[in-house]
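Novice: Starting from these lines, generate the structure:
(one chain, ligands or ions: 2)
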Amino acid sequence: MKDSQPGSHREIKKTQMMVYEMKVQDVMTREVITVRPDQPMSSLREVLRHNRISGLPVVLENRLVGLISLDDFIGWLAEQQKDCLVTERMSQKLEIMYDDDPLVVAIGKLDRTGMGRLPVVDRQSKALVGILTKGDVIRGLLRKLEIDYEEERLRHHYAGQILKEIQADQTALFFQYNVPGQDFKRAGTGSSRLKRTLKSLGVRPDIVRRIAIASYEAEMNLVVFTPGGKISARVQPDRIVLEVKDGGPGIENVDEAMQPGYSTAPEWVRELGFGAGMGLPNIKKSSDGFEISSQPGKGTRLKASFLLREQRDEAE
Ligand SMILES: Nc1ncnc2c1ncn2[C@@H]1O[C@H](COP(=O)(O)OP(=O)(O)OP(=O)(O)O)[C@@H](O)[C@H]1O
Ligand SMILES: [Mg+2]
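Specialist: Ligands and ions are numbered 1, 2, ... in the order given. Now for the predicted structure:
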């Protein structure tokens, strides 16, 4: 089945792209003020007041065992009970992040849970390595914006001319990236390598961003739904054609899959913040030309093209 239609442009904000690429560890606070579970509740008064914070991870031998908030403390005060241990009042139902989780997942979790802070633990050792608040996210994004701006300004001096200076009747550069299926830890690697490559060729930043969104969404689909596939980009003087192929299982009804909000993502994927059914529609929106075809049992292939000059009327 096929779906083909020129896509309308969507403004993709730079910050949006950054949260796809950055990891929790890039923005989290590493010096975490913690308390022990065997500490008396009364001792929190000073810690909370002195540091002006509203919540503290409770840690025993490097391991996170709970979270105690200003609210917990006030609740305890209000009940005017005798002193007790932190462990008796802390909450043990913990929402945590791993330090190598994508930032986009953390932002989703901060939003969904309404939590002010998320403790960050090391995936292997499970030791507490940091804490993440919305403030950390904003500061981290601002820092990254500043660095990127400086890099872009420098690059402006030497890049951008390569494609224009090539003299030939036909020119194309071809890049290909392998994407293993189910490997969430490496998800997004192909797209960010492609993005960096296009940037260094001097492709216009807004176009790079649209291609990056499309390739990121397609890459996530490969990771979630298929045993793996390939992302490729063909850079021509007038356009860049992104092609994403996989080895199955294919899509039964492509028109249905293209509907915003349609998703067959399993629960565990949704818990990671994906599965809103917006991937394919976003790819289409961000591109100047979009085609998808799928053979159930065999695989799926999608093609998105991006015009480099103002030649939209010539788009397929
Ligand atoms: N490469 C693929 N192979 C098999 N099925 C796919 C593939 N890509 C998409 N699909 C199917 O199409 C549906 C819609 O895909 P889409 O990317 O729009 O949303 P999603 O991946 O479910 O959620 P989101 O992208 O918002 O995280 C998926 O839920 C899945 O059923
Ligand atoms: Mg998707």
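
Novice: rest of the way, CA atoms for contacts and neighbours
Specialist: Fine.

Novice: can you give me the strands for the stretch 201-316 of the chain?
Specialist: Assigned by DSSP state E, counting those that start in this stretch, the strands in the stretch 201-316 of the chain fall at 228-235, 239-246, 289-295, 299-307.

Novice: How about the contacts made by the residue of the chain found nearest ligand 2?
Specialist: Nearest residue of the chain to ligand 2 (Cα to the ion) works out as Gly279 at 3.9 Å. Neighbouring residues of Gly279 by Cα atoms under 8 Å, 6 or more residues apart in numbering: Glu217, Ala218, Asn221.

Novice: export the strands of the stretch 201-316 of the chain to TSV and tack on mean neighbour count and distance to ligand 2?
Specialist: Formatted as TSV, the strands of the stretch 201-316 of the chain follow (neighbours: other Cα atoms under 10 Å; distance: least, Cα to the ion, whole Å):
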stretch	mean neighbour count	distance to ligand 2
strand 228-235	21	14
strand 239-246	22	13
strand 289-295	20	14
strand 299-307	21	13
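
Novice: In a markdown table, list those along with mean pLDDT.
Specialist: Shown next, in a markdown table, are those (pLDDT from 0 to 100):
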| stretch | mean pLDDT |
| --- | --- |
| strand 228-235 | 96 |
| strand 239-246 | 97 |
| strand 289-295 | 98 |
| strand 299-307 | 97 |
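
Novice: Export these as TSV, with columns for distance to Glu256.
Specialist: Formatted as TSV, the strands of the stretch 201-316 of the chain follow (distance: least, Cα to Cα, whole Å):
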stretch	distance to Glu256
strand 228-235	22
strand 239-246	19
strand 289-295	12
strand 299-307	14
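
Novice: closest one to Asp72 among those?
Specialist: strand 228-235 (46.7 Å; Cα to Cα).

Novice: Which other helices and strands does the closest one contact?
Specialist: strand 173-180, helix 205-225, strand 239-246 (3 or more Cα pairs under 8 Å, 6 or more residues apart in numbering; DSSP states H and E).

Novice: how about the ones you listed in CSV, adding distance to Leu103?
Specialist: As requested, the helices and strands packed on strand 228-235 are exported to CSV (distance: least, Cα to Cα, whole Å):
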stretch, distance to Leu103
strand 173-180, 20
helix 205-225, 14
strand 239-246, 24
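
Novice: now the ones you listed as CSV including distance to ligand 1?
Specialist: As requested, these are arranged in CSV below (distance: least, Cα to the nearest ligand atom, whole Å):
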stretch, distance to ligand 1
strand 173-180, 11
helix 205-225, 5
strand 239-246, 6
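
Novice: quick one: which of these is nearest Ser191?
Specialist: Closest among these, using Cα to Cα: helix 205-225, at 5.3 Å.

Novice: how is this structure carved up into domains?
Specialist: Segmentation of the chain into domains, based on automatic domain parsing, reads 24-139, 168-314.

Novice: Who wins on neighbours among the contacts of Gly279?
Specialist: The most crowded member of these, judged by other Cα atoms under 10 Å, is Ala218 (24 neighbours).

Novice: re earlier: which one of the helices and strands packed on strand 228-235 lies nearest to Lys82?
Specialist: In terms of Cα to Cα, the element of the helices and strands packed on strand 228-235 nearest to Lys82 is helix 205-225, at 51.7 Å.
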